[in-house]
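Participant: I would like to see how this sequence folds:
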Amino acid sequence: MLPEVEAWLRRRTSSSDDWSPPELLEARGDATVSVVLPARDEGETVGEIVSAIRRELMEAVPLVDELVVIDSRSTDDTAARAAAAGARVVAQDEVLPDLKPLDGKGEALWKSLAVTSGDLLVFVDADLREFRTSFVTGLLGPLLADPGVVYVKGCYDRPLRDARGADAPGGGGRVTELVARPLLNLHWPLLAGFVQPLAGEYAGRRSVLERVPFVTGYGVELGLLIDLLELSGLDALAQVDLGRRVHSHQSTEALGGMAAQILQTSWSRLARQDKMIPLHEPSPRLAQFRRGPGGHRATVRDVAVAERPPMITVPGYGPRTAV
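Facilitator: Alright, predicted model coming up:
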(Lines give C-alpha, C1' and ligand atoms only; values in the text may rest on other atoms or scores of the structure.)
Protein backbone atom coordinates (compact mmCIF):
# COMPACT_ATOMS: atom_id res chain seq x y z
CA MET A 1 0.00 0.00 0.00
CA LEU A 2 0.95 3.62 -0.40
CA PRO A 3 2.74 5.13 2.62
CA GLU A 4 -0.10 7.62 3.12
CA VAL A 5 -2.58 4.75 3.24
CA GLU A 6 -0.54 2.95 5.87
CA ALA A 7 -0.45 6.15 7.91
CA TRP A 8 -4.21 6.58 7.45
CA LEU A 9 -4.83 3.03 8.65
CA ARG A 10 -3.03 3.77 11.89
CA ARG A 11 -4.71 7.15 12.38
CA ARG A 12 -8.26 6.51 11.21
CA THR A 13 -9.01 2.87 12.12
CA SER A 14 -10.60 2.22 15.49
CA SER A 15 -12.85 -0.27 17.28
CA SER A 16 -16.46 -0.06 18.38
CA ASP A 17 -15.22 -0.87 21.88
CA ASP A 18 -13.51 2.53 22.03
CA TRP A 19 -16.74 4.39 22.79
CA SER A 20 -19.58 3.80 25.23
CA PRO A 21 -23.06 5.30 24.78
CA PRO A 22 -22.73 7.65 27.81
CA GLU A 23 -19.39 8.96 26.51
CA LEU A 24 -20.86 9.55 23.08
CA LEU A 25 -23.88 11.30 24.56
CA GLU A 26 -21.58 13.72 26.37
CA ALA A 27 -19.51 14.29 23.23
CA ARG A 28 -22.56 14.80 21.04
CA GLY A 29 -23.36 18.29 22.28
CA ASP A 30 -26.10 19.86 20.16
CA ALA A 31 -25.69 17.46 17.23
CA THR A 32 -28.69 15.28 16.39
CA VAL A 33 -28.55 11.66 15.21
CA SER A 34 -30.78 9.76 12.79
CA VAL A 35 -30.50 6.01 12.25
CA VAL A 36 -31.82 4.74 8.91
CA LEU A 37 -32.58 1.15 7.92
CA PRO A 38 -33.29 0.56 4.22
CA ALA A 39 -35.44 -2.56 4.07
CA ARG A 40 -37.05 -4.79 1.47
CA ASP A 41 -38.68 -8.01 2.66
CA GLU A 42 -36.69 -8.13 5.91
CA GLY A 43 -39.58 -9.01 8.22
CA GLU A 44 -37.55 -11.75 9.92
CA THR A 45 -34.85 -9.39 11.20
CA VAL A 46 -35.93 -5.75 11.08
CA GLY A 47 -38.02 -5.84 14.27
CA GLU A 48 -35.19 -7.12 16.43
CA ILE A 49 -32.81 -4.46 15.12
CA VAL A 50 -35.31 -1.65 15.69
CA SER A 51 -36.17 -2.90 19.18
CA ALA A 52 -32.52 -3.04 20.24
CA ILE A 53 -31.76 0.49 19.00
CA ARG A 54 -34.87 1.94 20.61
CA ARG A 55 -34.28 0.14 23.91
CA GLU A 56 -30.56 0.80 24.29
CA LEU A 57 -29.89 4.02 22.39
CA MET A 58 -33.15 5.95 22.69
CA GLU A 59 -34.65 4.91 26.03
CA ALA A 60 -31.72 3.75 28.19
CA VAL A 61 -29.39 6.42 26.76
CA PRO A 62 -30.94 9.15 24.58
CA LEU A 63 -28.20 9.09 21.96
CA VAL A 64 -30.37 8.52 18.87
CA ASP A 65 -33.00 11.14 18.10
CA GLU A 66 -34.92 9.35 15.36
CA LEU A 67 -35.09 5.85 13.96
CA VAL A 68 -36.46 5.51 10.43
CA VAL A 69 -37.09 2.44 8.26
CA ILE A 70 -37.34 3.17 4.54
CA ASP A 71 -39.59 0.42 3.23
CA SER A 72 -38.48 -0.38 -0.31
CA ARG A 73 -41.64 -2.01 -1.73
CA SER A 74 -41.66 -4.96 0.65
CA THR A 75 -44.15 -7.72 -0.04
CA ASP A 76 -43.89 -9.22 3.45
CA ASP A 77 -44.65 -7.68 6.87
CA THR A 78 -41.44 -5.62 7.07
CA ALA A 79 -43.30 -2.33 7.55
CA ALA A 80 -45.66 -3.68 10.20
CA ARG A 81 -42.89 -5.30 12.23
CA ALA A 82 -40.69 -2.21 12.04
CA ALA A 83 -43.53 0.04 13.17
CA ALA A 84 -44.53 -2.32 15.99
CA ALA A 85 -40.94 -2.31 17.23
CA GLY A 86 -40.91 1.48 17.40
CA ALA A 87 -39.52 2.81 14.11
CA ARG A 88 -41.04 5.50 11.94
CA VAL A 89 -41.72 3.70 8.66
CA VAL A 90 -41.66 5.61 5.38
CA ALA A 91 -42.54 4.07 2.03
CA GLN A 92 -39.78 4.73 -0.47
CA ASP A 93 -42.09 5.76 -3.31
CA GLU A 94 -43.94 8.30 -1.16
CA VAL A 95 -40.79 10.39 -0.75
CA LEU A 96 -40.35 13.16 -3.35
CA PRO A 97 -43.39 11.87 -5.24
CA ASP A 98 -42.92 14.32 -8.12
CA LEU A 99 -39.81 12.40 -9.19
CA LYS A 100 -40.01 9.23 -11.25
CA PRO A 101 -39.49 6.29 -8.86
CA LEU A 102 -36.27 4.36 -9.32
CA ASP A 103 -35.21 0.95 -8.04
CA GLY A 104 -32.51 -0.14 -5.66
CA LYS A 105 -31.05 0.27 -2.22
CA GLY A 106 -29.31 3.51 -3.12
CA GLU A 107 -32.68 5.07 -3.95
CA ALA A 108 -33.90 4.33 -0.41
CA LEU A 109 -30.73 5.76 1.12
CA TRP A 110 -30.88 8.92 -0.99
CA LYS A 111 -34.53 9.54 -0.18
CA SER A 112 -33.85 9.08 3.53
CA LEU A 113 -32.02 12.41 3.48
CA ALA A 114 -35.35 14.11 2.71
CA VAL A 115 -37.31 12.48 5.55
CA THR A 116 -34.81 12.63 8.40
CA SER A 117 -33.57 15.56 10.43
CA GLY A 118 -30.31 14.42 12.03
CA ASP A 119 -27.02 16.25 11.62
CA LEU A 120 -25.41 12.81 11.63
CA LEU A 121 -26.90 9.84 9.77
CA VAL A 122 -26.15 6.20 10.52
CA PHE A 123 -27.13 3.59 7.93
CA VAL A 124 -27.64 -0.02 9.00
CA ASP A 125 -28.75 -2.90 6.78
CA ALA A 126 -32.00 -4.49 7.91
CA ASP A 127 -30.98 -8.12 7.29
CA LEU A 128 -28.44 -8.37 10.10
CA ARG A 129 -28.61 -11.29 12.49
CA GLU A 130 -27.03 -11.24 15.96
CA PHE A 131 -27.31 -7.44 15.78
CA ARG A 132 -25.57 -5.36 18.44
CA THR A 133 -26.10 -1.65 19.06
CA SER A 134 -22.32 -1.24 19.11
CA PHE A 135 -22.69 -1.13 15.33
CA VAL A 136 -24.36 2.26 15.76
CA THR A 137 -22.19 3.61 18.56
CA GLY A 138 -19.01 2.46 16.83
CA LEU A 139 -19.89 4.35 13.65
CA LEU A 140 -20.78 7.49 15.61
CA GLY A 141 -17.54 7.47 17.61
CA PRO A 142 -15.13 8.97 15.07
CA LEU A 143 -17.68 11.57 13.96
CA LEU A 144 -18.25 12.79 17.50
CA ALA A 145 -14.60 12.55 18.54
CA ASP A 146 -13.15 14.52 15.62
CA PRO A 147 -14.94 17.26 13.64
CA GLY A 148 -12.51 16.61 10.78
CA VAL A 149 -14.07 13.19 10.12
CA VAL A 150 -17.09 13.33 7.79
CA TYR A 151 -17.73 9.69 6.88
CA VAL A 152 -17.17 6.38 8.69
CA LYS A 153 -17.32 2.87 7.23
CA GLY A 154 -17.82 -0.25 9.26
CA CYS A 155 -15.53 -3.23 8.87
CA TYR A 156 -15.95 -6.70 10.31
CA ASP A 157 -15.51 -10.42 9.83
CA ARG A 158 -18.12 -11.89 7.46
CA PRO A 159 -18.61 -15.64 7.89
CA LEU A 160 -20.39 -17.49 5.10
CA ARG A 161 -23.11 -19.69 6.58
CA ASP A 162 -23.81 -22.89 4.65
CA ALA A 163 -27.08 -24.82 4.34
CA ARG A 164 -26.28 -26.79 7.51
CA GLY A 165 -25.83 -23.59 9.52
CA ALA A 166 -22.05 -23.94 9.78
CA ASP A 167 -19.90 -20.84 9.33
CA ALA A 168 -16.92 -20.55 7.02
CA PRO A 169 -14.82 -17.76 8.58
CA GLY A 170 -13.98 -15.10 6.05
CA GLY A 171 -16.14 -16.73 3.40
CA GLY A 172 -18.46 -13.77 2.98
CA GLY A 173 -17.79 -10.66 0.96
CA ARG A 174 -17.21 -12.43 -2.33
CA VAL A 175 -18.04 -9.41 -4.49
CA THR A 176 -15.70 -7.31 -2.36
CA GLU A 177 -12.74 -9.61 -2.89
CA LEU A 178 -13.36 -10.44 -6.54
CA VAL A 179 -14.53 -7.06 -7.85
CA ALA A 180 -14.47 -4.05 -5.54
CA ARG A 181 -11.06 -4.48 -3.94
CA PRO A 182 -9.19 -5.04 -7.22
CA LEU A 183 -10.95 -2.00 -8.73
CA LEU A 184 -10.01 0.25 -5.83
CA ASN A 185 -6.41 -0.91 -5.77
CA LEU A 186 -6.10 -0.36 -9.52
CA HIS A 187 -7.78 3.01 -9.85
CA TRP A 188 -8.23 4.56 -6.38
CA PRO A 189 -5.29 3.20 -4.38
CA LEU A 190 -5.90 5.76 -1.62
CA LEU A 191 -8.97 3.68 -0.74
CA ALA A 192 -7.04 0.40 -0.52
CA GLY A 193 -7.04 0.56 3.29
CA PHE A 194 -10.78 0.03 3.62
CA VAL A 195 -11.34 -3.51 4.88
CA GLN A 196 -14.98 -3.64 3.79
CA PRO A 197 -15.51 -1.02 1.06
CA LEU A 198 -18.98 -2.40 0.29
CA ALA A 199 -20.12 -2.52 3.92
CA GLY A 200 -23.77 -1.60 4.38
CA GLU A 201 -23.08 -0.05 7.78
CA TYR A 202 -21.71 3.49 7.65
CA ALA A 203 -22.34 6.98 8.99
CA GLY A 204 -21.77 10.50 7.79
CA ARG A 205 -22.48 14.16 8.29
CA ARG A 206 -25.58 15.40 6.52
CA SER A 207 -23.65 18.45 5.33
CA VAL A 208 -21.46 16.12 3.24
CA LEU A 209 -23.89 13.35 2.27
CA GLU A 210 -26.29 15.85 0.73
CA ARG A 211 -23.53 17.10 -1.57
CA VAL A 212 -22.72 13.85 -3.38
CA PRO A 213 -24.74 11.79 -5.88
CA PHE A 214 -26.22 8.42 -4.92
CA VAL A 215 -26.16 5.46 -7.29
CA THR A 216 -29.59 3.89 -6.90
CA GLY A 217 -28.51 0.25 -7.16
CA TYR A 218 -25.87 -1.93 -5.57
CA GLY A 219 -23.06 0.39 -6.56
CA VAL A 220 -24.12 2.94 -3.95
CA GLU A 221 -21.46 2.04 -1.38
CA LEU A 222 -18.60 2.11 -3.88
CA GLY A 223 -19.87 5.33 -5.43
CA LEU A 224 -20.11 7.10 -2.07
CA LEU A 225 -16.62 6.05 -1.07
CA ILE A 226 -15.07 7.30 -4.33
CA ASP A 227 -17.08 10.53 -4.42
CA LEU A 228 -16.42 11.39 -0.78
CA LEU A 229 -12.70 10.81 -1.27
CA GLU A 230 -12.80 13.32 -4.10
CA LEU A 231 -14.92 15.80 -2.13
CA SER A 232 -13.30 15.64 1.30
CA GLY A 233 -9.95 13.82 1.05
CA LEU A 234 -8.74 10.61 2.66
CA ASP A 235 -8.12 12.00 6.14
CA ALA A 236 -11.80 12.97 6.44
CA LEU A 237 -12.75 9.29 6.08
CA ALA A 238 -12.46 6.65 8.80
CA GLN A 239 -13.32 3.04 9.49
CA VAL A 240 -14.37 1.19 12.63
CA ASP A 241 -14.01 -2.49 13.45
CA LEU A 242 -17.50 -3.68 14.40
CA GLY A 243 -16.45 -7.26 15.11
CA ARG A 244 -18.60 -9.84 13.35
CA ARG A 245 -21.46 -9.40 10.87
CA VAL A 246 -23.92 -12.20 10.22
CA HIS A 247 -26.59 -11.86 7.56
CA SER A 248 -28.30 -13.77 4.79
CA HIS A 249 -26.25 -14.46 1.67
CA GLN A 250 -27.17 -14.07 -1.97
CA SER A 251 -26.84 -16.70 -4.67
CA THR A 252 -23.88 -16.58 -7.04
CA GLU A 253 -26.24 -15.48 -9.79
CA ALA A 254 -27.48 -12.55 -7.70
CA LEU A 255 -23.90 -11.61 -6.83
CA GLY A 256 -23.17 -11.45 -10.57
CA GLY A 257 -25.80 -8.74 -10.92
CA MET A 258 -24.32 -6.83 -7.99
CA ALA A 259 -20.85 -7.09 -9.49
CA ALA A 260 -22.12 -5.77 -12.82
CA GLN A 261 -23.61 -2.69 -11.14
CA ILE A 262 -20.39 -2.08 -9.22
CA LEU A 263 -18.44 -2.25 -12.48
CA GLN A 264 -20.88 0.20 -14.07
CA THR A 265 -20.48 2.54 -11.09
CA SER A 266 -16.70 2.45 -11.33
CA TRP A 267 -16.89 3.09 -15.09
CA SER A 268 -18.87 6.30 -14.55
CA ARG A 269 -16.40 7.51 -11.89
CA LEU A 270 -13.38 6.72 -14.05
CA ALA A 271 -14.88 8.75 -16.88
CA ARG A 272 -16.02 11.61 -14.63
CA GLN A 273 -12.62 11.92 -12.98
CA ASP A 274 -10.76 11.78 -16.32
CA LYS A 275 -9.04 8.54 -15.35
CA MET A 276 -9.91 7.04 -18.74
CA ILE A 277 -11.08 7.99 -22.21
CA PRO A 278 -14.31 6.05 -22.85
CA LEU A 279 -14.59 4.92 -26.47
CA HIS A 280 -17.98 3.24 -26.08
CA GLU A 281 -20.93 3.03 -23.72
CA PRO A 282 -20.96 -0.09 -21.54
CA SER A 283 -23.81 -2.48 -22.22
CA PRO A 284 -26.58 -2.37 -19.57
CA ARG A 285 -27.40 -6.06 -20.08
CA LEU A 286 -26.03 -9.10 -18.28
CA ALA A 287 -26.47 -12.60 -19.72
CA GLN A 288 -26.35 -15.49 -17.25
CA PHE A 289 -26.97 -19.19 -17.80
CA ARG A 290 -28.92 -21.94 -16.11
CA ARG A 291 -29.09 -25.55 -17.19
CA GLY A 292 -32.55 -26.78 -18.13
CA PRO A 293 -33.97 -29.94 -19.70
CA GLY A 294 -32.77 -28.84 -23.14
CA GLY A 295 -29.33 -27.61 -22.08
CA HIS A 296 -28.13 -24.20 -20.97
CA ARG A 297 -30.71 -21.44 -21.07
CA ALA A 298 -29.69 -17.79 -21.16
CA THR A 299 -31.33 -15.24 -18.87
CA VAL A 300 -30.67 -11.61 -19.77
CA ARG A 301 -31.42 -8.78 -17.39
CA ASP A 302 -30.88 -5.06 -17.17
CA VAL A 303 -28.08 -4.05 -14.79
CA ALA A 304 -27.95 -0.39 -15.78
CA VAL A 305 -27.01 1.98 -12.97
CA ALA A 306 -29.18 5.03 -12.40
CA GLU A 307 -27.98 7.91 -10.29
CA ARG A 308 -29.64 10.57 -8.16
CA PRO A 309 -28.03 14.03 -8.00
CA PRO A 310 -26.75 15.57 -4.77
CA MET A 311 -29.82 16.05 -2.58
CA ILE A 312 -28.95 19.65 -1.92
CA THR A 313 -29.62 20.41 -5.60
CA VAL A 314 -33.19 19.06 -5.49
CA PRO A 315 -35.71 21.94 -5.55
CA GLY A 316 -37.51 22.31 -2.24
CA TYR A 317 -35.17 20.00 -0.36
CA GLY A 318 -35.14 20.39 3.37
CA PRO A 319 -34.81 17.66 5.98
CA ARG A 320 -38.17 16.04 6.68
CA THR A 321 -40.09 18.30 4.33
CA ALA A 322 -40.59 16.08 1.33
CA VAL A 323 -43.22 13.53 2.38
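Participant: wait, what's in contact with residue 221?
Facilitator: Neighbour list for residue 221: 197-200, 202 [criterion: CB atoms under 8 Å, 6 or more residues apart in numbering]. Every C-beta, even on glycine, is put in place using the N, C-alpha and C of the backbone.
Participant: from those, which two are the most distant?
Facilitator: 197 and 200 (11.2 Å; CB to CB).
Participant: what about these two, which has more around it?
Facilitator: Higher neighbour count among residue 197 and residue 200: residue 197, with 24 against 21, using other CB atoms under 10 Å.
Participant: near the closest residue to that one other than its chain neighbours, how many other residues are there?
Facilitator: Sequence neighbours aside, residue 180 is the residue nearest to residue 197 in space, at 5.2 Å (criterion: CB to CB, 6 or more residues apart in numbering). By other CB under 10 Å, 26 other residues sit near residue 180.
Participant: contact partners of the helix or strand where residue 37 lies?
Facilitator: Using DSSP states H and E, residue 37 falls within strand 33-39. Applying CB under 8 Å, 6+ apart, the external contacts of strand 33-39 come out as 46, 49-50, 53, 57, 63-72, 74, 78, 82, 87, 105, 108-109, 112, 116-126, 136, 140.
Participant: got any ranges where the stretch 151-300 of the chain has weak pLDDT?
Facilitator: Along the stretch 151-300 of the chain, the model assigns pLDDT under 70 to residues 160-172, 247-249.
Participant: swap the cut-off to 80 and go again
Facilitator: 158-173, 246-250 (pLDDT under 80).
Participant: got the residue ranges for the helices in it?
Facilitator: Using DSSP state H, counting those that start in this stretch, the helices found in the stretch 151-300 of the chain span residues 174-175, 181-187, 206-209, 220-232, 252-272.
Participant: enumerate the positions of the second one that are buried.
Facilitator: Buried residues in helix 181-187, counted by 16 or more other CB atoms under 10 Å: 181, 183-184.
Participant: need those in a markdown table (columns: distance to residue 255).
Facilitator: Shown next, in a markdown table, are the buried residues of helix 181-187 (distance: CB to CB, whole Å):
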| residue | distance to residue 255 |
| --- | --- |
| 181 | 14 |
| 183 | 15 |
| 184 | 18 |
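Participant: ok, so of the residues you listed, who is nearest residue 93?
Facilitator: Nearest member of the buried residues of helix 181-187 to residue 93, counting by CB to CB, is residue 183, at 31.5 Å.
Participant: how about that closest one, nearest residue that isn't a chain neighbour?
Facilitator: Going by CB to CB, 6+ apart, residue 183 has residue 266 as its nearest residue, at 5.0 Å.
Participant: I'd say the one you found and residue 185 touch.
Facilitator: No. At 11.9 Å, residue 266 and residue 185 do not qualify as touching, with contact defined as CB atoms under 8 Å.
Participant: out of the contacts of strand 33-39, list just those in helices.
Facilitator: 46, 49-50, 53, 78, 82, 105, 108-109, 112, 136, 140 (DSSP state H).
Participant: going by distance to residue 278, which of those residues wins?
Facilitator: residue 105 (25.9 Å).
Participant: list the contacts of that closest one.
Facilitator: If you count contacts by CB under 8 Å, 6+ apart, then residue 105 has 38, 40, 72, 216-218, 220 around it.
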